[in-house]
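Participant: Pasting the sequence and the predicted coordinates here, then a few questions.
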Amino acid sequence: MRDGRWAGSGRCVVRKNSATLLALLLAALLGIASAAVANPARADADSGADVSIALSRLSPSIAHSDSTVVFEGTVTNTSDQPLSRLQATIWRDLTPITTRSELDTVNSSAPTDPVGARMYSSDTPNAFQDLYTDAAPDLAPGQSKKFRISAKASDLFESTTPASGIYLVGVQVREDGVSTVGRTRTYLPVVSDQSSNGLQPGQSQIGTSTLVELTATPTMTRTGVFTDDRLADQLAPGGRLDALLSAAEKPNTSYVVDPNLIAELRSMRAGYQVVDEDGHKTAGTGQDLATDWLNRFTAMQASHDGFQLLYADADLTSLVHAGRLDIVEQGQQAAARVPETKDLPLLVTPAGGAADRPTLSAAKQLGARAILLADDNVGDLGPVVSADNSPTILSYDTEASTGPGPDPRDTEVQLRQAGLADSYIDSVSGEDPSTLGRLRLVRNADEAGSETAVQTAPWLTPRSVADLLNDPTTPLGNRLSYPDADGKDELTGRQLNKIDQLTGDLTTYQHLLARPGNLGVLIEQSGARAASSSWRNHRKAMSEFVEAQRRLLTSVTGTSLSLDDLIDGDAVRVESNPQITLTGSSATVPVTIVNTLDVPISVQLVASSANQSRLRLEDVGAADINSGKAIPPGCDTPAPDCKPSRVPVQVPAHADANGDLPVTLRLETRQGEDVGRPQTIRVNATQAGLVGWVIAVAAGIVLLGTVVLRIRQVARERGESEPDASDTEPDDSDTGPDDTGTEAETGRAEPEHSTDGLPRG
């Protein structure tokens, strides 16, 4: 049952404030009761609902003159004050509804119109029930009481042969016998003069097709990981998906299923985890439930005709208007991978059952067998409509989608009885039965339960949607409408930017991984899931789901990381000293690439200086990092004490001038997407090697020049110290051999050395 409360009403009893007051009022109360035997009381105008009345049973759903009509439900105090001595009583209007205009009038009427009559005659004691005891006369705020009241049809309609038609019936709750504090109304068909086939004279049988939509809001962020365990609740007995599958299993019922739902249930069947926004993981509880549901679904498929929705029930109209049909097409690639649904014909179901011409064209482009629209958006042309450049339009019934109120009008009892009333009016309208075919769309558990009862009406003939598609079509003409309210609910530019950022960052992650695995499939799925029609009017929930899809990384320590930590953070980073000095015109800058993820990656390093004419650095390709191998994780299995993996890299640098310059180091995937935050360091290019060579060459030149000058100096000195032979006087003394030898040894220097000891010549 959908979340919501009904405003109801009912009978009340006099408050006993004292013995004197009781005595004074008792006679008046008895007088009122006596009058009620002859004339049922008229319902008061609604003075404000202090209680909600939820009908859980109205039986039978189609009454006959000999029926006993039973109402069951719950009364809840929705005010902020205690309510005293509440009483529930049957209420009805005795005028049968037999035409479409009369039914439309009641559907739009106020809860107090018509006034009708309550039943609390002493002759019908089961038609009213006290909701209190003497020991506990008050119903506190928020508290509830159940009721069960009943009446014979002859008493309910004040006739043993009530006229056939649709009657407005319900329950009122009154406080202290003086004020109506809540009411609820619904329809009850009455058939008194039926023939053997269950039809009245002149009543026609009309075809009715039921389409059960099997879908759910996406909760899986990647295989085996879910944001919550709500699917397990829906799969449990009595849950939404359990009830919908039960409805789809009925004979002559058709179904349409979201391939993403099947993909999520397959993942649940294999075992899964629920990860909250803080990264905490718990084991999912729905593995067996998913297994059982999928087994039932497979068995149901064998005997029913079915269709597939767009993957994740993508919001086609929003995406067409935004020029983003590519998101839908990418989702359809994911749909083609789901074995249970990939061969089913495509049925497009725009959000709100509304579409415009571009949406019809897009549905045809996608190869849809049909597009499902609400009947009030195609001019009530019948269930099968044709249009140019469009697949066949299936128009589902909305007139019977709600009860007469007060709100909420979408409980199982209300939906069932509204459907019966609407189809009954068509069957007695006198129109050609072939033009009165009906298509009912079942999307929630309440509708699932009500549709089963509707199909048992004698004036309805169940048929499959596949048969319905073979009927002659009615041309659409210019009757197509797209309400402004639906346009305002479309995906916003901000939401589309979130989707683009998600798929773009996932692609970067795919290109970063040394072994991407099935990440390409996840990219196909993620955009469609984020663009699901389920997120209309739930922008916060959509943003939270996108953020959950981004939390798919894990560090070597086991910490959950977001794609933000990869793209703009330091999950993968480059490290270096903040100040580097180059001592040559060609040198290397030492850096380290750090991988904190639990998976191997492949990156390339891009380095650039602020002035390329003074300092040039070379990029280092992935093939030159870690000997061309992937950068592994720090550990085989994430552990709290695991350290990130670190790989040293030398970045070639060329300095053409001295000076201190900023240098930016950043990492890229092989395809060129940036990874992590850029690192900026300072590089001081001194060119010390070139200066040394200049000094050495200059020193050599100086040394050589010095040697040459000294040699020339020595040569001049020798020339000055040796006399010319013509100027030498011969020695007249008579010398002998011994004297000559002695003179040579003592009076002359060694011929091979100069007086300063330097070599000659």
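Facilitator: Right, received. Where do you want to start? Note that the coordinates shown come from a computational prediction; the quantities given were computed from them, not determined experimentally.

Participant: all contacts plus neighbour counts: C-alpha atoms, from now on.
Facilitator: OK.

Participant: Outline the domain layout of this protein.
Facilitator: Recorded structural domains for the chain (assignment: automatic domain parsing) are 9-190, 206-488, 572-690.

Participant: closest one to residue 510 among those?
Facilitator: domain 572-690 (9.2 Å; C-alpha to C-alpha).

Participant: now stretch 235-246: mean pLDDT?
Facilitator: Mean pLDDT, stretch 235-246: 96.

Participant: re the thing from before, need the domains of the chain in a markdown table (columns: distance to residue 529 and mean neighbour count).
Facilitator: Listed next are the domains of the chain as a markdown table, based on distance: least, C-alpha to C-alpha, whole Å; neighbours: other C-alpha atoms under 10 Å:
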| stretch | distance to residue 529 | mean neighbour count |
| --- | --- | --- |
| domain 9-190 | 35 | 19 |
| domain 206-488 | 5 | 20 |
| domain 572-690 | 24 | 18 |
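
Participant: In contact with residue 153, which residues?
Facilitator: Contact analysis of residue 153 by C-alpha atoms under 8 Å, 6 or more residues apart in numbering lists 63-69, 159-160.

Participant: what residues are up against residue 517?
Facilitator: With C-alpha under 8 Å, 6+ apart, residue 517 has no contacts at all.

Participant: Quick check: it vs residue 200, distance?
Facilitator: 65 Å (C-alpha to C-alpha, to the nearest Å).

Participant: cool, residue 521 as well?
Facilitator: From residue 521 across to residue 200, the span is 58 Å (C-alpha to C-alpha).

Participant: So those two - more neighbours on which side?
Facilitator: The neighbour count for residue 521 versus residue 200, taken as other C-alpha atoms under 10 Å, is higher for residue 200 (18 against 15).

Participant: now, which of the contacts of residue 153 lie within strands?
Facilitator: Per DSSP state E, strands hold the following members of the contacts of residue 153: 68-69.

Participant: can you pull out the strands in the stretch 451-600 of the chain?
Facilitator: 460-462, 474-475, 553-554, 560-561, 572-575, 579-582, 586-595 (DSSP state E, counting those that start in this stretch).

Participant: got those strands as JSON lines, with mean pLDDT and distance to residue 346 columns?
Facilitator: JSON lines is the format used below for the strands of the stretch 451-600 of the chain (pLDDT from 0 to 100; distance: least, C-alpha to C-alpha, whole Å):
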{"stretch": "strand 460-462", "mean pLDDT": "88", "distance to residue 346": "22"}
{"stretch": "strand 474-475", "mean pLDDT": "94", "distance to residue 346": "21"}
{"stretch": "strand 553-554", "mean pLDDT": "92", "distance to residue 346": "34"}
{"stretch": "strand 560-561", "mean pLDDT": "92", "distance to residue 346": "37"}
{"stretch": "strand 572-575", "mean pLDDT": "95", "distance to residue 346": "43"}
{"stretch": "strand 579-582", "mean pLDDT": "91", "distance to residue 346": "62"}
{"stretch": "strand 586-595", "mean pLDDT": "94", "distance to residue 346": "44"}
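
Participant: Which pLDDT value goes with residue 353?
Facilitator: Listed pLDDT for residue 353 reads 95.

Participant: Got phi/psi on it?
Facilitator: Torsion angles at residue 353 (phi, psi; degrees, to the nearest 10) stand at phi 70, psi 20.

Participant: Identify the residues contacting it.
Facilitator: 372-374, 377.

Participant: tell me which of those is nearest to residue 706?
Facilitator: residue 372 (103.9 Å).

Participant: Make sure the closest one is actually in contact with residue 350.
Facilitator: Yes. Between residue 372 and residue 350 a contact is recorded at 7.1 Å, counting by C-alpha atoms under 8 Å.

Participant: Can you get me a residue count around residue 492?
Facilitator: Number of residues near residue 492 (other C-alpha under 10 Å) recorded here: 14.

Participant: Check the spacing between it and residue 531 real quick.
Facilitator: Residue 492 sits at a distance of 11 Å from residue 531 (criterion: C-alpha to C-alpha).

Participant: again, but for residue 621
Facilitator: Distance of residue 621 to residue 531, given as C-alpha to C-alpha: 37 Å.

Participant: With residue 714 instead?
Facilitator: 99 Å.

Participant: which one of the two has more residues nearby?
Facilitator: residue 531 (27 against 17).

Participant: part of a strand, is residue 76?
Facilitator: Yes. Residue 76 sits within a strand when classified using DSSP: H, G, I helix; E, B strand; the rest coil.

Participant: Specify the beta-bridge partners of it.
Facilitator: For residue 76, the beta-bridge partners are residue 52, residue 144 (DSSP bridges).

Participant: Please verify my assumption that it contacts residue 138.
Facilitator: No. Residue 76 lies out of contact with residue 138 (C-alpha under 8 Å); the separation is 12.0 Å.

Participant: Just list the residues touching residue 166, thanks.
Facilitator: Taking C-alpha under 8 Å, 6+ apart, we find residue 166 in contact with 96-98, 187-190, 421, 424.

Participant: Can you classify it as helix, strand or coil?
Facilitator: Classification of residue 166 using three-state DSSP returns strand.

Participant: check contacts around the closest residue to it other than its chain neighbours.
Facilitator: Counting by C-alpha to C-alpha, 6 or more residues apart in numbering, residue 166 lies nearest to residue 189, which is 4.4 Å off, once chain neighbours are set aside. Residue 189 is in contact with 61-63, 164-167, 420-421, 424, counting by C-alpha under 8 Å, 6+ apart.

Participant: host element of residue 189?
Facilitator: In this assignment (DSSP states H and E), residue 189 forms part of strand 179-190.

Participant: Can you name the residues that contact the residue nearest to residue 574 when sequence neighbours are not counted?
Facilitator: Distances taken as C-alpha to C-alpha, 6+ apart put residue 593 closest to residue 574, at 4.5 Å, once the chain neighbours are dropped. With contact taken as C-alpha under 8 Å, 6+ apart, residue 593 is in contact with 572-575, 646-649.

Participant: how about TSV for those, with distance to residue 331 added?
Facilitator: TSV is the format used below for those (distance: C-alpha to C-alpha, whole Å):
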residue	distance to residue 331
572	30
573	33
574	36
575	39
646	38
647	38
648	41
649	41
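
Participant: which one among the residues you listed gets closest to residue 152?
Facilitator: For the contacts of residue 593, the closest approach to residue 152 (C-alpha to C-alpha) belongs to residue 572, at 77.1 Å.

Participant: my guess is residue 674 meets residue 668, correct?
Facilitator: Yes. Using C-alpha under 8 Å, residue 674 makes contact with residue 668 at a distance of 4.5 Å.

Participant: any weak-confidence spans in the chain?
Facilitator: Regions of the chain meeting the criterion pLDDT under 70 cover residues 1-48, 194, 196, 399-402, 408, 434-435, 449-455, 687-699, 718-761.

Participant: and the gap between the residue positioned nearest the centre of the chain and residue 148?
Facilitator: Nearest to the mean C-alpha position of the chain, counting by C-alpha atoms, centre = their mean, stands residue 530 at 4.1 Å. Computed as C-alpha to C-alpha, the residue 530 to residue 148 distance reads 46 Å.

Participant: hmm, back to that, any idea which of the strands of the stretch 451-600 of the chain gets closest to residue 317?
Facilitator: It is, among those and with distance given as C-alpha to C-alpha, strand 474-475, at 21.8 Å.

Participant: other SSEs contacting that closest one?
Facilitator: Packing contacts for strand 474-475, counted by 3 or more C-alpha pairs under 8 Å, 6 or more residues apart in numbering; DSSP states H and E, involve strand 384-386.

Participant: helix or strand right after the strand it packs on?
Facilitator: Sequence-wise, the next helix or strand downstream of strand 384-386 (DSSP H and E) is strand 392-396.

Participant: can I get the contacts of residue 153 in TSV with distance to residue 213?
Facilitator: Converted to TSV, those look like this (distance: C-alpha to C-alpha, whole Å):
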residue	distance to residue 213
63	30
64	33
65	37
66	37
67	34
68	35
69	32
159	42
160	42
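
Participant: any idea which of the contacts of residue 153 is the one closest to residue 385?
Facilitator: Closest approach between the contacts of residue 153 and residue 385, by C-alpha to C-alpha: residue 63, at 35.1 Å.
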